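>>> I'd like to go over a predicted model; first the sequence, then the structure.
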Amino acid sequence: MTPIQKQFFALVQSGLWGTPVDTTLFNIQTDWAQLYQSAKVQALLGITFDGMQTLPQELRPKRELYLKWCNALLQIEENNHILNQEIAKIYTLYRANQIEPVLLKGQGVAQNYRNPLHRQCGDIDLYIGPKNYEKANKLLRTESTGEHEENHKHTCIHWHGVDIENHRVLSRLSSPSSDKSFQQEIARWHGTTACRNLEIEGYQVTLPPLSFDVAYVLTHSALHFLNEGIGLRQVCDWANILHTQKDNIDLKEIADLLQKWGLSKAAKIFGVVAVNYLGLPMEDLPIPYTQKDIETGEWLLNDIWQGGNFGQHNQNRKQRPKGYWSGKWYTFTRATQRCREFGALAPAEARWYPLMLAVHSAQVQWNKMWNRN
């Protein structure tokens, strides 16, 4: 690792687990501007700020950058408050109309962090299921200010200044056998008392069962990695839920789910990054990695470091064309290339992913044509 990377991961580990940063890694020549930029690229400004706070005053960034970092942190906290408030509003709306959504990822996962408000947030993902999907969309559209193109899994509606993804399908795996097992597991718990309740800023929401949730956080990250790349925040999410919930989770059950979904290899490789670079204890992993997985884990980390959050900062990545069909072709060819390059992470998914991407895109176009007629 480079000196900057050593310093960066020291800050991340401190921010995640509340341990003091190794002061010997820092001095008055520390390139804090580069550390700030790395944290921004990886969507970890809040976590690294917490780590930086454990350093003596003389080793911290100079006043101008420090204040810039403080302002960024305040904005992250404000964005989290806004999302939490909107979650309460949307749950109230849905429950008044006999819909019980299941909160996915995001603000639910954030509650596993030492300071949930310091995790950089995005949109609100809700699993509705096919039965109430159109009803939920109709409720949101009465106050929406925009909408993205609907795909085979969900629609994204801009509501009260935030993006709400209503999921008809929670997610899909590309391998048919893996997806069959995945959908069966969802059907087993959806709409039953197996779901969890969690309080977020005083309001109770519904989450998937814990074992499924842990496996799904890893699954979602692995699928994004094959498609476009991920940032370190996604690995932090998985590490946090594993560590914070270690006394409540059944590691064997999680390992069994990941094996059924063809993601045992992915779990090992993500485990390398979580343990060796984020400081997660090895015993928290559902599937321990072996010596031969370490090199692949470093290869994963290298792609994360170069690409940043969802691969958006990769200097070698071409810009998506503005045209509709050229944009679709760009997405397909990029995903195909990444599946060839990084298929070792999840071999079955990599084999099937480009084909299923094309199939789902065709389904969307067919549905649009059908609805027009």
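Cool, got the structure. Numbering: from 1, shown residues only.
>>> for the rest of this, base every contact and every neighbour count on C-alpha atoms.
Will do.
>>> so which bits of stretch 177-188 are buried?
Under the neighbour-count criterion of 16 or more other Cα atoms under 10 Å, stretch 177-188 has 178, 179, 182, 186 buried.
>>> kindly report the same for stretch 228-239.
Neighbour counts over stretch 228-239 (16+ other Cα under 10 Å) mark 228, 229, 230, 231, 232, 233, 234, 235, 236, 237, 238, 239 as buried.
>>> and which of those residues is nearest residue 134?
Using Cα to Cα, residue 228 comes nearest to residue 134 of the buried residues of stretch 228-239, at 29.1 Å.
>>> backbone phi and psi for that closest one, please?
With angles defined as degrees, to the nearest 10, residue 228 sits at phi -140, psi -10.
>>> repeat that for the one 4 residues further on.
Recorded main-chain torsions at residue 232 are phi -70, psi -20, according to degrees, to the nearest 10.
>>> and the closest residue to it other than its chain neighbours, how many neighbours?
Once flanking residues are discounted, residue 232 sits nearest to residue 42: 5.5 Å by Cα to Cα, 6 or more residues apart in numbering. Residues within reach of residue 42, counting by other Cα atoms under 10 Å, total 24.
>>> just residue 9 next, same as before
Residues near residue 9, counting by other Cα under 10 Å: 21.
>>> thinking again about what came up before, what about the buried residues of stretch 228-239, which are in helices?
Members of those lying in helices (criterion: DSSP state H): 232, 233, 234, 235, 236, 237, 238, 239.
>>> give me the below-cutoff pLDDT ranges for the stretch 201-350 of the chain.
In the predicted model, the stretch 201-350 of the chain carries pLDDT under 70 at residues 310-321, 324-325, 327-332, 335, 339, 341-343.
>>> circling back to that earlier point, for the residue nearest to residue 232, give me the pLDDT.
Reading off the confidence values, residue 42 has pLDDT 95.
>>> ok so, going back, which of the buried residues of stretch 177-188 sits closest to residue 106?
Of all those, residue 186 has the smallest distance to residue 106: 18.6 Å, by Cα to Cα.
>>> gap between the strand or helix carrying that closest one and the chain center?
Remark: residue 186 resides in helix 176-189, with elements defined by DSSP states H and E. The chain centroid and the centroid of helix 176-189 are separated by 20 Å, computed with Cα atoms, centre = their mean, to the nearest Å.
>>> report the contact partners of the nearest residue to residue 104 once chain neighbours are set aside.
In space, and not counting its chain neighbours, residue 104 is closest to residue 125: 5.3 Å by Cα to Cα, 6+ apart. Residues in contact with residue 125, defined by Cα atoms under 8 Å, 6 or more residues apart in numbering, are 103, 104, 105, 106, 164, 165, 166, 167.
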